[in-house]
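Visitor: task: produce atomic coordinates for the following.
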Amino acid sequence: MAGDIVYFDLETRRTANDVGGWGNKHMMGISVAVTFSTKLNEYTIYTEDESSALIEQLRRADLVVGFNHVGFDYEVLMGHSIFDFRDQLRSLDMLIDLEKALGHRIKLDAVAAATLGMGKTADGLDALKWWQQGEVAKIAEYCCYDVKVTKCVHEYGAQNGHVKYHDRNGREQSVKVNWAA
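Guide: Purely as a prediction, here's the structure:
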């Protein structure tokens, strides 16, 4: 794999309803963002106050990999920068890739459970509740785990040329991917 691959996920402070709808993702705020850099071989946890350091890491990456990060996480980040991440970063959004192949959206949990035998530990609504309760460490742990799951799914797909998923009827399926760098 080429250069520094940065796996990325973030959790927000507010829901779409709190900010007047999905068109206002830039107003949702960041509770915690997490990256894993293959160059540094380490996770980094960022709070909203550290968003400029997060943005700098993403800008330096050779490839940013996530799950729905182009349509969601980048949009949230745009509330903290004039930089347009969608056009100016080399990104692999596995959700976009899988949606093109399958013809519909799919949850990371459905892919991770079938491909890796492990699912997510919580969801974004749990993270919002933890934010309201001041439990930032719980959000960081959950977000780190999501980044690890994202990384493992991507690496599996890159090595094997496919990932597995559970379809809407719970059956295990396989879909070809071209994620080898």
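Visitor: which other helices and strands contact the helix ranked longest in the chain?
Guide: Secondary structure of the chain read by DSSP state H shows that its longest helix is helix 136-160. Secondary-structure packing of helix 136-160 (3 or more CB pairs under 8 Å, 6 or more residues apart in numbering; DSSP states H and E): strand 5-12, strand 30-37, strand 42-46, strand 63-66, helix 94-102, helix 108-116, helix 124-132, strand 162-166. Placement of C-beta: from N, CA and C, glycine included.
Visitor: least confident secondary structure element in the chain?
Guide: helix 124-132 (a mean of 74; mean pLDDT, DSSP states H and E).
Visitor: residues making contact with stretch 104-118?
Guide: 67-68, 94-95, 98-99, 119-120, 146, 149-150, 152-153, 156-157, 163-167, 172-173 (CB atoms under 8 Å, 6 or more residues apart in numbering).
Visitor: so how do I select the buried members of these in PyMOL?
Guide: Buried subset of these, written as a PyMOL selection, criterion 16 or more other CB atoms under 10 Å:
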select buried, resi 67+68+94+95+98+120+146+149+150+153+156+157+163+164+165+166
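Visitor: where among the helices and strands packed on helix 136-160 is average confidence lowest?
Guide: In terms of mean pLDDT, the lowest-scoring of the helices and strands packed on helix 136-160 is helix 124-132 (a mean of 74).
Visitor: count of neighbours near Arg59?
Guide: 14 (other CB atoms under 10 Å).
Visitor: you'd agree it is up against Leu89?
Guide: Yes - using CB atoms under 8 Å, Arg59 is in contact with Leu89, at 6.9 Å.
Visitor: roughly how far apart are Ile82 and Phe72?
Guide: Taking CB to CB, to the nearest Å as the measure, Ile82 and Phe72 are separated by 19 Å.
Visitor: look at the two and report which has more neighbours.
Guide: Just comparing Ile82 and Phe72: by other CB under 10 Å the higher neighbour count belongs to Phe72, 20 against 5.
Visitor: once you drop chain neighbours, what's closest to that one?
Guide: Residue nearest to Phe72 in three dimensions, not counting chain neighbours: Lys25, with 6.5 Å by CB to CB, 6 or more residues apart in numbering.
Visitor: hang on, that neighbour packs against Glu75?
Guide: Yes - at 3.8 Å, Lys25 and Glu75 qualify as touching, with contact defined as CB under 8 Å.
Visitor: and Thr47, what does it touch?
Guide: Shown in contact with Thr47 (CB under 8 Å, 6+ apart): 30-33, 136.
Visitor: need those residues in CSV (columns: neighbour count and distance to Asp109).
Guide: Listed next are those as CSV, based on neighbours: other CB atoms under 10 Å; distance: CB to CB, whole Å:
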residue, neighbour count, distance to Asp109
Ile30, 22, 22
Ser31, 22, 20
Val32, 26, 19
Ala33, 28, 20
Val136, 16, 23
